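Participant: sequence first, then the predicted structure, then my questions.
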Amino acid sequence: MPMERVVREPLEIGARVAKRFMRRADYPRTYMADLGLQGVLWMYDVSGEARYLDFVLEVLKHRCAPPEYVYEWRSQLYLMVNYELYLRTRDDRYIGHVVETADAFRREVPRDRDGCVGYFFRPELKRIFIDMLQGYATHMARAGALSGDASFFDECVDQYAKFRRVLRDPATGWWSQGRGWNAEPEFVSPGAWLRGQGWVLRGMVESLTAMPEDYARHGEMLEMLREFALTIVGAQDARGMWRQVPYRPETYQETTGTGFFVHYLSRAVQQGLLPHEVFRDAAVRGYEALHGFVTKDGTVLSGSFGCGPLRSLDDYLHRPAAPGDPHTPGTTMLACAGRALLDRPPVA
């Protein structure tokens, strides 16, 4: 298959999803909308089409959030659109308060008895949540990159190591979604929810992207990524998808977690964080399966409903999916961009 054809198709599928997502610019500041904006920015990266960047800037205009806008850390628990825009524009105004906010984040965030960062609402419950782990760790790593202060990198790696000890199931390699929910401080949510695993991978790759290779604990973070990536590829099904509960083949093929996996495995391969063999093939197969879930009008099917940590494995096994779940546009655009990256030279 000619390379031109291989590269073009992900851009076309991604553009179809983007067209549907970009029908409005008045998105409120929610993590689901911001995930969509991250996907749009990656479509800008791989296509070079200014309309994608222009759209994100228009959304921020609707939000009355100019480049100098100061974001409080509680509004950046999962994603940082301002930093994403800095990466594309190199406009320092977008990052003027990132380090200051990160410092406040690590000083003020509640922690549980193991030192894991806790969910900010009802802090006395000391609940921990993998979605928030990845956002916090990424914020720390980026603050370290901007400031040169290695203590931010240390905090990033420390949190991943602590959460790994508490939430990773050594029998399966998958991470539970949280601990301390359902009014029981010791209760660890059972099983593994696919989109949650995608968030875990996101935090690992985004954090390593911000860390210099000569940072003393870079290898420790890299080892956690490689361990988890092997778990991921071991559960890919024959079609190339991953399942709602990834080690339970009777559960449905889920698109948001698959989209995260395709993008971040692709990024990790391109950046030399994961070896080309095995992981590139897994990402390609994942994309080839995933785009079959995109309708002609850009709706993405089979995206799991969102949830906090659930009480029983049965709850995860029967968590419903719906066409057009608000997590699907961003994760699918990310997957399309990741596939397009794989036909480009690796990052030097």
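Facilitator: Thanks, I have it.

Participant: count of residues packed around Pro346?
Facilitator: 11 (other C-beta atoms under 10 Å). In this view, the C-beta of every residue, glycine as well, is placed from N, C-alpha and C.

Participant: what's the burial count for the residue nearest to it when sequence neighbours are not counted?
Facilitator: Using C-beta to C-beta, 6 or more residues apart in numbering and skipping the chain neighbours, the partner closest in space to Pro346 is Gln270 (5.3 Å). Counted with other C-beta under 10 Å, the neighbours of Gln270 add up to 19.

Participant: in contact with Gln270, which residues are there?
Facilitator: 341-342, 344, 346-347 (C-beta atoms under 8 Å, 6 or more residues apart in numbering).

Participant: among those residues, which lie within helices?
Facilitator: Secondary structure from DSSP state H places Leu341 of those in helices.

Participant: ok, the contacts of Gln270 vs Val70, which is closest?
Facilitator: Nearest to Val70, judged by C-beta to C-beta, of the contacts of Gln270 is Val347 at 31.7 Å.

Participant: any idea how far Gly272 is from the closest one?
Facilitator: 7 Å (C-beta to C-beta, to the nearest Å).

Participant: find residues that contact each of these two.
Facilitator: With C-beta under 8 Å, 6+ apart, Val347 and Gly272 have no common neighbours.

Participant: which residues in the stretch 1-150 of the chain form helices?
Facilitator: 3-21, 31-47, 50-62, 81-89, 98-108, 130-147, 150-167 (DSSP state H, counting those that start in this stretch).

Participant: quick one: Asp314 is in a helix?
Facilitator: Yes. Asp314 forms part of a helix when assessed by DSSP: H, G, I helix; E, B strand; the rest coil.

Participant: just the element for Ala282, please.
Facilitator: Secondary structure assigned from DSSP states H and E places Ala282 in helix 276-290.

Participant: kindly report the same for Pro309.
Facilitator: Going by DSSP H and E, Pro309 is not in any helix or strand.

Participant: list phi and psi for the residue nearest to Pro346.
Facilitator: The phi/psi pair for Gln270 (degrees, to the nearest 10) reads phi -60, psi -30.

Participant: what pLDDT does the model give it?
Facilitator: At Gln270, the pLDDT value in this model is 97.

Participant: columns mean pLDDT, mean neighbour count and distance to Ala238 on top of the helices of the stretch 1-150 of the chain, output as JSON lines?
Facilitator: Compiled in JSON lines, the helices of the stretch 1-150 of the chain are given as follows (pLDDT from 0 to 100; neighbours: other C-beta atoms under 10 Å; distance: least, C-beta to C-beta, whole Å):
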{"stretch": "helix 3-21", "mean pLDDT": "81", "mean neighbour count": "18", "distance to Ala238": "21"}
{"stretch": "helix 31-47", "mean pLDDT": "98", "mean neighbour count": "22", "distance to Ala238": "27"}
{"stretch": "helix 50-62", "mean pLDDT": "98", "mean neighbour count": "16", "distance to Ala238": "34"}
{"stretch": "helix 81-89", "mean pLDDT": "98", "mean neighbour count": "19", "distance to Ala238": "35"}
{"stretch": "helix 98-108", "mean pLDDT": "97", "mean neighbour count": "17", "distance to Ala238": "42"}
{"stretch": "helix 130-147", "mean pLDDT": "97", "mean neighbour count": "24", "distance to Ala238": "27"}
{"stretch": "helix 150-167", "mean pLDDT": "98", "mean neighbour count": "20", "distance to Ala238": "29"}
